[in-house]
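Asks: Build me a structure from this.
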Amino acid sequence: MCDTLVALGNSTEDGSVIFGKNSDRPPNEAQVIRHIPRMEHPEGSKVKCTYIEIPQVPETLEVILSSPFWIWGAEMGVNEFGVAIGNEAVWSKEPYADTGLLGMDLLRLGLERGETARRALEVITELLEKYGQGGNCFFDAQLKYHNSFIIADPSEAWVLETADKYWVAECVRDVRSISNGYTIGKDWDLASPNLVENAINKGWCNSRKDFNFAECYGEPGMREIVHCDQRFKRSTKLLQENKGKINVKDMMNYLRDHGGMSLKEWNPDKQVTTVCMHSGHLEVSQSTGSYVGHLTEELQTHWLTGGSNPCISVYMPFFMGTEIPETLSKGNEKFSESSFWWNHEKLARKIQEDYPQRASLIFPEIETLQSKFLEEASNIRKKALDLPLGEAVHLLENFTKKCVETVSKKNKEWLKTVEKTKPVTPTKSEYLNFLKSVNEAAGIKP
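Replies: As a prediction, the model looks like this:
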């Protein structure tokens, strides 16, 4: 399951738009970071998405994507104009197709074809109405769902919620979050044709007067199963309480949140659903990747963990127009030494054998390193804005490379540290057995 958040300029410390998303996916599904440059395409060419092929446009925009390794699309990403999108699984009363565009495909297509948040929304809804959404969405299980999105750019943001080919959209006024349930009710700004008529014809309401999108189209039983209401309420509370002073570090902390519990209070074996998700014997998903976009008018900074569990990860800076280290784009369902995601995952699972003790042991270093990266990124960004393009690209690319190398080195050091630490906090045997089973499936040795 996932959570996506946004704060507009009227709610942030510096007047920028700040976007955040946790991608919650199966624990052995590596989530890779892909950088795809702007490209021109021959007339009449096609693009092969995850399941279906559709006509390609003459030119696609540069994008940075965080994607499950086997999917063409992405869970979250951003383009060269600072349009950022995150998607959520939602369940409706409408039927689920065996094939079509995944919500993740629609996300990437919106980024590659939309210069603004509004245009990306139009791209997604036009493709949704024409080709539909469908197909299995999980790597190691059968799961189909529909999708909702937050689509943001440096000046505005939209919430888009879909049920098969039907959709409704709301323009964000200040702060907003979404989780794995519909949140738009009686009021919206845009909607698909015949949205209300379809609900009336199917007996979900009697008239426009009593129409409520979430109630009419949503499958209520799934809200209980995925615990989306408690995560939505928590993320909304965090945004509302800090409205007017939200900064990038705050958004990172919201995505690391365990319901207000400290590192010593929280233990994933409790299986309490929080914004920062940990999988286990009762939870099918964990936060396999996390992204915070600082959507300024010029030279946006994009912060990605490249690994799971943002509570024990360092967000690293990325910039458009620069190449990213190859290790970030490597990974599949099996452990690999060449994959940044898997090396961090090995550390994360070792920490979770005794989370209260081991997370508390290394988090002060994570926090210090994160603060250092944030300060350096601010200074380097200011410097880059005054440099010729070639020099700026070189400066930013080297900075990203240095940060990735630093975190890679620290992950290995932290792994050695926690491996030497004898567990002292009682952890449920069911949870330890879960960790053992997913490690064996991934080829991670004890």
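Asks: Pull the helix-or-strand element of the chain with minimal mean pLDDT out as CSV, backbone CA atoms only.
Replies: Using mean pLDDT, DSSP states H and E, the weakest-scoring helix or strand in the chain turns out to be helix 220-226, at a mean of 82. These are the backbone C-alpha positions of helix 220-226, laid out as CSV (Å, rounded to 0.1, in the frame of the first residue of the first chain):
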residue,chain,number,x,y,z
PRO,A,220,-15.9,-0.3,1.3
GLY,A,221,-14.5,-3.7,2.4
MET,A,222,-11.1,-3.0,1.0
ARG,A,223,-10.7,0.2,3.2
GLU,A,224,-10.7,-2.0,6.2
ILE,A,225,-8.3,-4.6,4.8
VAL,A,226,-5.6,-2.0,3.7
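Asks: For this structure, which segments count as helices?
Replies: Secondary structure of the chain, counting by DSSP state H: helices at 103-113, 117-131, 195-201, 213-217, 220-226, 228-241, 248-255, 340-351, 355-385, 389-419, 429-442.
Asks: Output the ones you listed in a markdown table, with distance to residue 8 and mean neighbour count appended to each entry.
Replies: Quick note: C-beta positions are derived from backbone N, CA and C, even for glycine. What follows is the helices of the chain, written out as a markdown table (distance: least, Cβ to Cβ, whole Å; neighbours: other Cβ atoms under 10 Å):
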| stretch | distance to residue 8 | mean neighbour count |
| --- | --- | --- |
| helix 103-113 | 19 | 26 |
| helix 117-131 | 11 | 20 |
| helix 195-201 | 26 | 16 |
| helix 213-217 | 22 | 22 |
| helix 220-226 | 27 | 14 |
| helix 228-241 | 10 | 18 |
| helix 248-255 | 13 | 22 |
| helix 340-351 | 31 | 24 |
| helix 355-385 | 21 | 17 |
| helix 389-419 | 26 | 16 |
| helix 429-442 | 39 | 16 |
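Asks: Per-residue pLDDT of the residue lying closest to residue 336 once chain neighbours are set aside, please?
Replies: Nearest-residue entry for residue 336: residue 342, 5.2 Å, with adjacent residues in sequence omitted and distances by Cβ to Cβ, 6 or more residues apart in numbering. For residue 342, the model assigns a pLDDT of 98.
Asks: about what we covered before: now what about the least confident helix or strand of the chain, what contacts it?
Replies: Contact with helix 220-226 is made by 1, 89, 91, 179, 180, 181, 229, 273, as judged by Cβ atoms under 8 Å, 6 or more residues apart in numbering.
Asks: Among those, which one has the most neighbours?
Replies: Neighbour counts for the contacts of helix 220-226, by other Cβ atoms under 10 Å, peak at residue 179, which reaches 31 neighbours.
Asks: so it touches residue 3, yeah?
Replies: Yes. Between residue 179 and residue 3 there is a contact under Cβ atoms under 8 Å: 5.1 Å.
Asks: who touches both of the two?
Replies: When contacts are counted by Cβ under 8 Å, 6+ apart, residue 179 and residue 3 have 88, 231, 232, 235 as shared neighbours.
Asks: Can you lay out the residues you listed as CSV showing pLDDT?
Replies: As requested, the shared contacts of residue 179 and residue 3 are arranged in CSV below (pLDDT from 0 to 100):
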residue, pLDDT
88, 96
231, 94
232, 95
235, 97
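Asks: List just the nearest of these to residue 320.
Replies: Among the shared contacts of residue 179 and residue 3, residue 88 lies closest to residue 320 (Cβ to Cβ), at 24.8 Å.
Asks: so the closest one touches residue 159, yeah?
Replies: No. Between residue 88 and residue 159 there is no contact under Cβ under 8 Å: 9.9 Å.
Asks: Of these two, which one has the most company?
Replies: residue 88 (31 against 26).
Asks: Distance check, the residue nearest to the more buried one when sequence neighbours are not counted against residue 286.
Replies: Once its chain neighbours are removed from consideration, residue 88 has its nearest residue in residue 148; the separation is 4.6 Å (Cβ to Cβ, 6+ apart). Here the distance between residue 148 and residue 286 works out to 20 Å (Cβ to Cβ, to the nearest Å).
Asks: what's the answer for residue 342, then?
Replies: Applying Cβ to Cβ, the value for residue 342 to residue 286 is 14 Å.
Asks: Just list whatever residues bridge to the residue nearest to residue 190 when sequence neighbours are not counted.
Replies: Using Cβ to Cβ, 6+ apart and skipping residues adjacent in sequence, the residue nearest residue 190 is residue 169, 4.2 Å away. Taking DSSP bridges as the rule, residue 169 bridges to residue 160, residue 190.
Asks: so who does residue 169 touch?
Replies: The neighbours of residue 169, taking Cβ under 8 Å, 6+ apart as the test, are 121, 125, 158, 159, 160, 161, 184, 188, 189, 190, 191.
Asks: 6 Å - rerun?
Replies: For residue 169, the contact set (Cβ atoms under 6 Å, 6 or more residues apart in numbering) comprises 158, 160, 189, 190.
Asks: pretty sure the first one is touching residue 120, no?
Replies: No. Here residue 158 lies out of contact with residue 120, judged by Cβ atoms under 6 Å, at a distance of 8.5 Å.
Asks: quick check: mean pLDDT across stretch 314-324?
Replies: For stretch 314-324, the mean pLDDT works out to 97.
Asks: can you check stretch 120-137 too?
Replies: What stretch 120-137 shows for mean pLDDT is 97.
Asks: picking up where we left off before, hey, what's in contact with both of residue 158 and residue 120?
Replies: In contact with both residue 158 and residue 120: residue 151, using Cβ under 6 Å, 6+ apart.
Asks: list the contacts for the closest residue to residue 176 other than its chain neighbours?
Replies: Nearest in space to residue 176, with sequence neighbours left out and distances taken as Cβ to Cβ, 6+ apart, is residue 6 at 5.5 Å. In this structure, residue 6 makes contact with 19, 150, 152, 157, 176, judged by Cβ under 6 Å, 6+ apart.
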